[in-house]
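Enquirer: Predicted model and sequence follow; I will ask about them next.
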Amino acid sequence: MDFYHQAGKMALGTRLRRLSEKLMEDATQIYALYEVPLDPKWLPVFYVLSYQPEASITEIAQSVGHSHPSISQIVKEMKRQDLVTTNKSAKDARINVARLSEKGRSLIPKAERQFSDVAASVEALLSEAQYDLWKAVEEAEYLLSEASFYQRVKALRKRRETGAIEIVDYTPQFATDFKRLNYEWIEQYFVVEETDRLYLENPEEKILQPGGHIFMAQYRDDVVGTCALVKLDENTYELAKMGVTANVRGKGIGWLLGQAAVTKARAIGAQTLFLESNTRLEPAIRLYKKLGFKKIAGEPSPYERCNIQMRLEL
């Protein structure tokens, strides 16, 4: 089986590593050809120090786009071969700087001839190709600096999983789930209060019959989240009893529930949405702010755990 043909672009990183390994194998032979006793991976440090008298590890790392630990390790390896020396900076004794040793600087003339021939060979290689690999790599590096490959995969995974989430209206069959989801998060962070029990044990009487609404979130046939709109007066509703089960948090379920609640509130003519929460629930507070809620100083809360009140003008 041809792995790369079968796996396709999913194996981009593996294929680039294979190409890199081939180039590094050739590079080792090229250094030997020019009698330049350098490990190819030392090139960034050698190159920077051949053009300036000294540089700190941080300066070199920033210049070549490598991590501080990797440059530090290269400097140690080159130091063991007497190619580099390290000393305190004359400008700041807290900073160590690296310099090419006399042995290291003696390699520059040979290395420059090698670099010139290698650069010309790379240009010739790229001229034979249909696509400009160098420009493509530059573009890919820029795009990945905007959003890493990990972030891109994570976002796509979240979009795919969000597509499997369904927000439905509450019916009596969800009574047990409504209680379970709310007791779960309350007991995880706080103590269940009498006001909680009043609403969770009697959702139809306390929420639905006065004109409120309850949403349930289903994910792959499991009931995993809920939130409610509690009618406070003709123009004001409270966003309350929002909970998402722990093992599916981070999939955007709370966002979908919040959007459904805001949309419903507008549809039934509400002018204001109000909520009470606790600042310990940092992800929830970020969600509320994303939905447009702003902190207010309201009336005293019936909940002991409440230390923040927020409002959204619709």
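Expert: Everything's here; your move.
Enquirer: CA atoms for contacts and neighbours, from now on please.
Expert: Fine.
Enquirer: quick one: residue 218 is in a strand?
Expert: Yes - under DSSP: H, G, I helix; E, B strand; the rest coil, residue 218 falls within a strand.
Enquirer: secondary structure class for residue 301?
Expert: Following three-state DSSP, residue 301 is assigned to coil.
Enquirer: Grab the nearest non-local neighbour of it.
Expert: The shortest distance from residue 301 to any non-neighbouring residue, by CA to CA, 6 or more residues apart in numbering, is to residue 276 (7.7 Å).
Enquirer: Enumerate the beta-bridge partners assigned to that neighbour.
Expert: As for beta bridges, residue 276 partners with residue 309 under DSSP bridges.
Enquirer: The stretch 201-314 of the chain: strands as residue ranges?
Expert: In the stretch 201-314 of the chain, the segments counted as strands under DSSP state E, counting those that start in this stretch are 213-219, 222-231, 236-244, 272-277, 294-296, 308-313.
Enquirer: would you turn the ones you listed into JSON lines with distance to residue 116, mean pLDDT and mean neighbour count?
Expert: Output for the strands of the stretch 201-314 of the chain, formatted as JSON lines (distance: least, CA to CA, whole Å; pLDDT from 0 to 100; neighbours: other CA atoms under 10 Å):
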{"stretch": "strand 213-219", "distance to residue 116": "60", "mean pLDDT": "96", "mean neighbour count": "21"}
{"stretch": "strand 222-231", "distance to residue 116": "63", "mean pLDDT": "96", "mean neighbour count": "23"}
{"stretch": "strand 236-244", "distance to residue 116": "61", "mean pLDDT": "96", "mean neighbour count": "23"}
{"stretch": "strand 272-277", "distance to residue 116": "66", "mean pLDDT": "96", "mean neighbour count": "21"}
{"stretch": "strand 294-296", "distance to residue 116": "62", "mean pLDDT": "95", "mean neighbour count": "15"}
{"stretch": "strand 308-313", "distance to residue 116": "65", "mean pLDDT": "96", "mean neighbour count": "19"}
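Enquirer: I'd like to know which of the ones you listed is closest to residue 70.
Expert: strand 236-244 (41.9 Å; CA to CA).
Enquirer: For the closest one, which helices and strands make contact with it?
Expert: Counting contacts by 3 or more CA pairs under 8 Å, 6 or more residues apart in numbering; DSSP states H and E, strand 236-244 is packed against helix 175-189, strand 222-231, helix 253-267, strand 272-277.
Enquirer: Residue 66 is nearest to which of the ones you listed?
Expert: Each of the helices and strands packed on strand 236-244 has some distance to residue 66 by CA to CA; the shortest is helix 253-267, at 37.5 Å.
Enquirer: possible to save the strands of the stretch 201-314 of the chain as CSV with distance to residue 51?
Expert: Output for these, formatted as CSV (distance: least, CA to CA, whole Å):
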stretch, distance to residue 51
strand 213-219, 59
strand 222-231, 60
strand 236-244, 58
strand 272-277, 59
strand 294-296, 55
strand 308-313, 58
